[in-house]
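Enquirer: Next one to model:
(4 chains)
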Number of protein chains: 4
Amino acid sequence: MSLISEAGSEVSSHIQERNGGLEPGEGQGPVRELSLDECVALLEQYQVVRRETEFLVDPLTAEDMLLQSMPDASPSKWHLGHTSWFFETFILRSYLPEYAVFHPAFHHIFNSYYNTLGQPFTRAHRGLLSRPSVEQVFAYRCQVDRSIERWLTEEEVTREQANLLLLGINHEQQHQELLLTDIKHAFSINPLAPAYCEDPEFEGDTEAEPPGEHWLSVPEDNYTVGGEGEDFSFDNEGPAHQRYQPAFRIASHLVTNGEFLEFLQDGGYDEPRLWLSDGWRWVQSERQQCPLYWRFIEGDWLQFTLGGIRPLDLNAPVSHISYYEADAYATWAGRRLPTEFEWEIAAWLHCKKDAAQRANMLESRNFRPVAEPAGVNQIQLMGNLWQWTSSAYGPYPGFRASEDAVGEYNGKFMCNQMVLRGGSCVTPRNHIRISYRNFFYPHQAWQFTGIRLAGDWQ
Amino acid sequence: MSLISEAGSEVSSHIQERNGGLEPGEGQGPVRELSLDECVALLEQYQVVRRETEFLVDPLTAEDMLLQSMPDASPSKWHLGHTSWFFETFILRSYLPEYAVFHPAFHHIFNSYYNTLGQPFTRAHRGLLSRPSVEQVFAYRCQVDRSIERWLTEEEVTREQANLLLLGINHEQQHQELLLTDIKHAFSINPLAPAYCEDPEFEGDTEAEPPGEHWLSVPEDNYTVGGEGEDFSFDNEGPAHQRYQPAFRIASHLVTNGEFLEFLQDGGYDEPRLWLSDGWRWVQSERQQCPLYWRFIEGDWLQFTLGGIRPLDLNAPVSHISYYEADAYATWAGRRLPTEFEWEIAAWLHCKKDAAQRANMLESRNFRPVAEPAGVNQIQLMGNLWQWTSSAYGPYPGFRASEDAVGEYNGKFMCNQMVLRGGSCVTPRNHIRISYRNFFYPHQAWQFTGIRLAGDWQ
Amino acid sequence: MSLISEAGSEVSSHIQERNGGLEPGEGQGPVRELSLDECVALLEQYQVVRRETEFLVDPLTAEDMLLQSMPDASPSKWHLGHTSWFFETFILRSYLPEYAVFHPAFHHIFNSYYNTLGQPFTRAHRGLLSRPSVEQVFAYRCQVDRSIERWLTEEEVTREQANLLLLGINHEQQHQELLLTDIKHAFSINPLAPAYCEDPEFEGDTEAEPPGEHWLSVPEDNYTVGGEGEDFSFDNEGPAHQRYQPAFRIASHLVTNGEFLEFLQDGGYDEPRLWLSDGWRWVQSERQQCPLYWRFIEGDWLQFTLGGIRPLDLNAPVSHISYYEADAYATWAGRRLPTEFEWEIAAWLHCKKDAAQRANMLESRNFRPVAEPAGVNQIQLMGNLWQWTSSAYGPYPGFRASEDAVGEYNGKFMCNQMVLRGGSCVTPRNHIRISYRNFFYPHQAWQFTGIRLAGDWQ
Amino acid sequence: MSLISEAGSEVSSHIQERNGGLEPGEGQGPVRELSLDECVALLEQYQVVRRETEFLVDPLTAEDMLLQSMPDASPSKWHLGHTSWFFETFILRSYLPEYAVFHPAFHHIFNSYYNTLGQPFTRAHRGLLSRPSVEQVFAYRCQVDRSIERWLTEEEVTREQANLLLLGINHEQQHQELLLTDIKHAFSINPLAPAYCEDPEFEGDTEAEPPGEHWLSVPEDNYTVGGEGEDFSFDNEGPAHQRYQPAFRIASHLVTNGEFLEFLQDGGYDEPRLWLSDGWRWVQSERQQCPLYWRFIEGDWLQFTLGGIRPLDLNAPVSHISYYEADAYATWAGRRLPTEFEWEIAAWLHCKKDAAQRANMLESRNFRPVAEPAGVNQIQLMGNLWQWTSSAYGPYPGFRASEDAVGEYNGKFMCNQMVLRGGSCVTPRNHIRISYRNFFYPHQAWQFTGIRLAGDWQ
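Expert: Predicted coordinates:
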């Protein structure tokens, strides 16, 4: 995992990597220390992200922050504690002299899945942790923040340590997104349908035209994918490697609610031939008849959003879709889902540098996908919704998980999950990258997931 | 169900009933109204119970009050709302002119199991109701209280209506007990082992002698059981009826932790011959190896209590025992459990009038069973722990559930459950009666349940 | 358990028992031996029952005899082996000198639930025992039969041992009934709907009039119930004991298919108020909409029988009914189910001595319930169908299970089950008694169960 | 799917395909008919395979042939019927004039998963089909065989139809393997541990040396994989397509029982860090402590085989391994599993033409994996055991399932399963190909599965 590049080594750009550049191996060469300026810059980055998390829980009551509506989800309070635990465990306990842990039991309570560090507290029971209180968890965060500040300003910090801090910052950004998807799921079960945010302008159909069917064509070639380079990336994004890619085309927009409604009204949920075998079993056992947050009330299709129950916006992208639904829709439409490599190659070719900056992401404060402009020139590969790909999540050639506890971060999930790309309306802007690989089980739909179609060259 | 007796009719005493007295049938004769004095007395009774509920949640945070650790249990906040809903639904909406419900959705949210009144909110999801907030639920209680006060002081109240109010008061007392058993279960799962109450004196073995084995003997006869008479009782306690009872004996004390520890150390949990067939399956599927709240830590037996984790008091009664465990213990001890009629007959014969007043019950504020004094003269049939009987919960001869919604109160549970008698350390004193029938499934142990042995005459 | 009475002791008749006669305690007095004549008579009794079992499997192929359609049921072949194992285990291995077991693994394979005798083979896997083959199991039976013959004719047999043999004979009769109910369930799942027997006359509605509503009235009194006396009975039928019984009435006939169809067509399966709480959960989780073997095909109600799929006979008793359905029907009809004591008292008062001989039972070879004649004088309490009572299965006063392995026979099931009375169309005639207590879980319907209503005196 | 090539079109060899040759699209061009000679050759091929199936069930009794030990497995009798149903459904009913189905219900009973053809009979209930009897199923086979013979010799057969017949023949070969793996699983549960076959020579450790660690090295390149060409192949093996492959090495032998025992004895099953996240959950929920058929009896490791329980052969390949176990072993060994493309490229480079002919496969009649000779030159990529790859089962670029019922054959399973390569000791020799893709869920171990390690170039 190449997090922060060595000063002066001038990491090859992505283009260079595609010409065969190799990353310096882990642990090779001297582990130089950061300058104070670098430390201060890091601290600021740290503080911005930490404040954002606290901003996101601001609309929530202490009771809201305890909700856990299913084992896949976690209470907001737990997210607050766990992200702090990450810094305490991997940095402060190791690198800050005389650091005293905030509470001995927190190590058990806020460990997510690092078996290396001892038996974690039962995941499905996180919603039972009324204690520690929200106040105590904020006090915990506060101690961790002050200690990180002390460490970065008073201690000698190596690049390897700084990389761990960067990992923790990115880890916290992941939990910002989860915090929102989890509270959305919990609120959706409440008959009062609480709103996380007010959204007065969002009153149903956007006036925009439906985006229509437009395609980007990509010629066959050997492409380099993965491993972005100079900035932070997760270990699962690398190594950069070459792929032969046949020609393909990829849709310039996400499938809309209106398009998906056609599938539904055409009997899509009742026709086994459209579904993967496991998907059909899922439809039957869950009695699935529409996307997770759609509601059919008195003859109208509505949707539960972070702003409460709203009319279904037919021009906005269909969201909270399982892989099974995405695949069935693609089959019904006579198309297919893209592979993760097709998505990535299309993004390298067509995304402008500031694509994420202009996309509908967390900082847009929409907390929902918005309708996309029509036309192939308007392609918005990033933002709005995570896009299911037909690629099972696995290791890239040459991938090796690191052997310490951090090694449990990504590698052990490389089975039974599918890759999603592009980030969503609740992903932080500077968290997403073209090479970023998200992954979920094919039945899961509580994330902000959507559908982008692909096809073979024709 | 005879709740409040008709003025002047001088309901026959229990002794009279045993001579064959019949209760006046429901709905027979004129439904006379209460005097203002009677109404004021009722109001005071109402207010005392309502205040007690609020007293009991005083040590809890808003987060604590949201906890639901299993579908059998409910959040404290839900108990607060549901008990208010009962008054609103069965009294205010019917009898208080122009009463406006506090919130239209509360009828769905706070209905427990009255299918007659519409589909109740999914029981297992009560812990997801972060909204309404605790404050809103208290506001709800407040509106209900003010409205009940207005109704009792301004409207004409019939005896039948007053009986419904009494039912609601008793219903709330039941939920006081459940509120404590439920929060105990939820806290027991938290690694921090929160204490509901401080209990500085409770530091393990009481100095009292173990109570030893003493027996009360009861001769054979035709006895009248059930249906106490002049005061409130639940419909399932009647009708009073005659039973022929062979001679029997019943233990003067509850089985202690020390005695149960012998069973455990004798391999009781590993010997299928001691267990009912269903009990043995339960032991194996749950991997049960000790009572629910016992903890074996570093060589010592401790117990989780409402005061936190404490040493096991060997002289105190063993508590939180399933019926399966109670039966297996009795088999191991060469005894048996009493029938509910044996328990009741023994109580009629041996309990003094003020037995409940002197017992360890909710108002004792111990929130745990305490050691009992030795000797047959010290018999404490009531209080401390609900005592499993070998009687399946069923209707008494002539029992008929009423046909309105209140008819769902008791009758529909008359299958698969066992009767418990006597009240516990968290039962309100004026809630318990000799004829009182509690009932739970044989695998359930989160209530304050214990073991009293019986035997045939020898 | 009083199985065979001591010669010359002239056990008191049932009437005498009601006057307080006590049975001689087990193990009291000398254990006298049987005469050769007694042994020969026993042997004949044994052989008749053994031959009947083999007669019953005659229509079955080796494949049929392997079917196990649910863990509650067992393959016919297993029944054949298990009943032989019972004699081998409890008699031959103990009392026949130099008896060599047929196969060492059979002790594991054919043990049903006697934990005392070692871990039984997993119940749910009995359908996987293609080996031993049917031929081997018959060879096993043959060795056991020859050995029993040798034991009875060559060894000295005590009364206690003879009682064990009688227990084994009655045990085998129980399995004759199970064998038929189990194969019926297995065949019912096969799309070919195989017929166990031909039944050409059974072509739907009998011409008989529907039996109509007639009631037997029974006055209040102290009655003696249980423990029949001179002949074999199971331990759970005793001790005989006194019960005070209020006046009641009981229906002279079983509820018919036609009557139950009215319940169904009145929306009985959709109305939660008619059901016990656990029953309603059962209806919903199983999506139960009619009795187990009813089929609604092209607008007609049919039923699966041991003679294949046939038209529903509206005048025949409704069969294969769970306790939940029986209770819901009784509630809908404004009646209730009888207690097991009411049933027994009615039977003592109204059943003629040869009631079982004239009833529709196994030897009638109908293998299905038949329509009953109309009128109160035609009361047929016995035969046709086991009748659910509202009594939970528990020990009679003074009951004690014996401490050896046979003690696991009945006692350990005394929880969560309901008593059924009267025997069925597949119960052997000389197996049933007025005091006979059958028991099943309230959700179970694959036995030949039916509904007899009762009511309070009016 | 290109099954039988057009006469005279001289299908490009694999080498040609690698240069970019494209297969003719389905349905393109005229659908010419087969000559009588071709038909006769096809008929012989058909008959050989049909006879082999019947040979395989020869050691089984009718009872054995009914066993279904889990929903994943099917009874032998069902395999016999289903393979005949395939020919009847896809060929005879469509192409043989006036063909009369053998039995109308068989279409429901013997349909496996073709939803297009109507609701299949519940998979988990196949073991309840005592009827039709084995004799009837053989009569069914006989009618189908005679009809196929008539069709091939009397009707005009197009290439498309002949391809369907070839598909049916290959389908039957797949069921030959399943028949053996399924009966092995069923027998393994029987305490009598029946042997399918005698195997007197197999008495434990082979004398051969353990094969040791040898590696094949493969250089990086663009390779063509998939889509073999002139002979039959399944649709999921194509289209042939190009892959860029970095350099890698692959083990010359399968991991042995002895090697896997080291993993086990090193605590492999107790160390979460070695396992995928889902794998560790599987280990815990199944309490998995060794491979599926290993038995630890009185201090010795044995294994259940089709020849009964035998000593564990330390030099033979470890078999009946789940993907989770294979991956954990590879992690423990510091290696990884190969991708399916690495396996295939290695096979193209190193397998001789007659590799399958010399391998330990079905016709070897070992019915178990055998020890492999030592040394890199002895590489046996094919036979013995299916080898888990790290590739999730998905579509090759350009894959499209056909739209008729046959289209359900492979495509709908392309989710959640992993690819296995190479064939096993119970795969027919002429059924396997280098391009052959088998697939199972990662937790499944009842197939003859094993482990081949791979590594990156070093």
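Enquirer: per-domain residue ranges of chain A.
Expert: A:14-18+A:28-189, A:215-456 (automatic domain parsing).
Enquirer: check whether the longest one contacts chain B.
Expert: To tie it back to what came earlier, the one meant is domain A:215-456. No. Using C-beta under 8 Å from any C-beta of the partner chain, domain A:215-456 stays clear of chain B, coming no nearer than 11.6 Å. The C-beta positions use only the backbone N, C-alpha and C, and glycine is treated the same way.
Enquirer: what about that domain and chain C, any contact?
Expert: No. Contact of domain A:215-456 with chain C (C-beta under 8 Å from any C-beta) is absent, the minimum separation being 11.5 Å.
Enquirer: Please, where are all the strands along chain A?
Expert: For chain A, the strands defined by DSSP state E cover A:215-218, A:221-225, A:241-245, A:248-251, A:294-297, A:300-305, A:308-311, A:386-392, A:418-421, A:438-440, A:449-450, A:454-456.
Enquirer: Turn these into TSV, columns for mean pLDDT and mean neighbour count.
Expert: Compiled in TSV, the strands of chain A are given as follows (pLDDT from 0 to 100; neighbours: other C-beta atoms under 10 Å in any protein chain shown):
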stretch	mean pLDDT	mean neighbour count
strand A:215-218	95	17
strand A:221-225	96	17
strand A:241-245	95	19
strand A:248-251	96	23
strand A:294-297	97	14
strand A:300-305	97	19
strand A:308-311	96	16
strand A:386-392	98	26
strand A:418-421	98	27
strand A:438-440	98	23
strand A:449-450	98	27
strand A:454-456	95	18
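Enquirer: Which one, of those strands, ends up nearest to A:Phe86?
Expert: Proximity to A:Phe86 (C-beta to C-beta) singles out strand A:438-440 among the strands of chain A, at 18.6 Å.
Enquirer: for the closest one, packing partners?
Expert: Applying 3 or more C-beta pairs under 8 Å, 6 or more residues apart in numbering or on different chains; DSSP states H and E, we find strand A:438-440 packed against strand A:418-421.
Enquirer: burial count for A:Asn170?
Expert: 18 (other C-beta atoms under 10 Å in any protein chain shown).
Enquirer: wait, what's in contact with it?
Expert: A:232, A:234, A:431 (C-beta atoms under 8 Å, 6 or more residues apart in numbering or on different chains).
Enquirer: Can you tell me how far it is from chain B?
Expert: In this structure, A:Asn170 and chain B are 28 Å apart, going by C-beta to the nearest C-beta, to the nearest Å.
Enquirer: same thing with A:Thr153?
Expert: 33 Å.
Enquirer: and if you look at A:Arg51?
Expert: For A:Arg51, the distance to chain B - C-beta to the nearest C-beta - is 24 Å.
Enquirer: Could you do A:Thr449 as well?
Expert: According to C-beta to the nearest C-beta, A:Thr449 stands 22 Å off from chain B.
Enquirer: what about the residue in the stretch 251-400 of chain A that chain C sits nearest to, neighbour count?
Expert: Going by C-beta to the nearest C-beta, chain C is nearest to A:Arg287 of the stretch 251-400 of chain A, at 11.5 Å. By other C-beta under 10 Å, 7 other residues sit near A:Arg287.
Enquirer: Can you report phi and psi for it?
Expert: phi 50, psi 50 (degrees, to the nearest 10).
Enquirer: A:Arg452 reaches A:Val255, doesn't it?
Expert: Yes. A:Arg452 sits in contact with A:Val255 when judged by C-beta atoms under 8 Å, with a separation of 7.3 Å.
Enquirer: Give me the more crowded residue out of the two.
Expert: A:Arg452 (29 against 25).
Enquirer: Could you measure from the residue in the stretch 251-400 of chain A that chain D sits nearest to over to D:Val101?
Expert: At 3.1 Å from chain D, A:Ala392 is the closest residue in the stretch 251-400 of chain A, using C-beta to the nearest C-beta. For A:Ala392, the distance to D:Val101 equals 41 Å [C-beta to C-beta, to the nearest Å].
Enquirer: One more: A:Ala186?
Expert: 54 Å.
Enquirer: These two - which one has more neighbours?
Expert: Neighbour tally, A:Ala186 and D:Val101, criterion other C-beta under 10 Å: the higher count belongs to A:Ala186, 26 against 15.
Enquirer: give the contact list for the more buried one.
Expert: Contacts of A:Ala186 (C-beta under 8 Å, 6+ apart): A:64, A:67-69, A:73, B:128, B:130.
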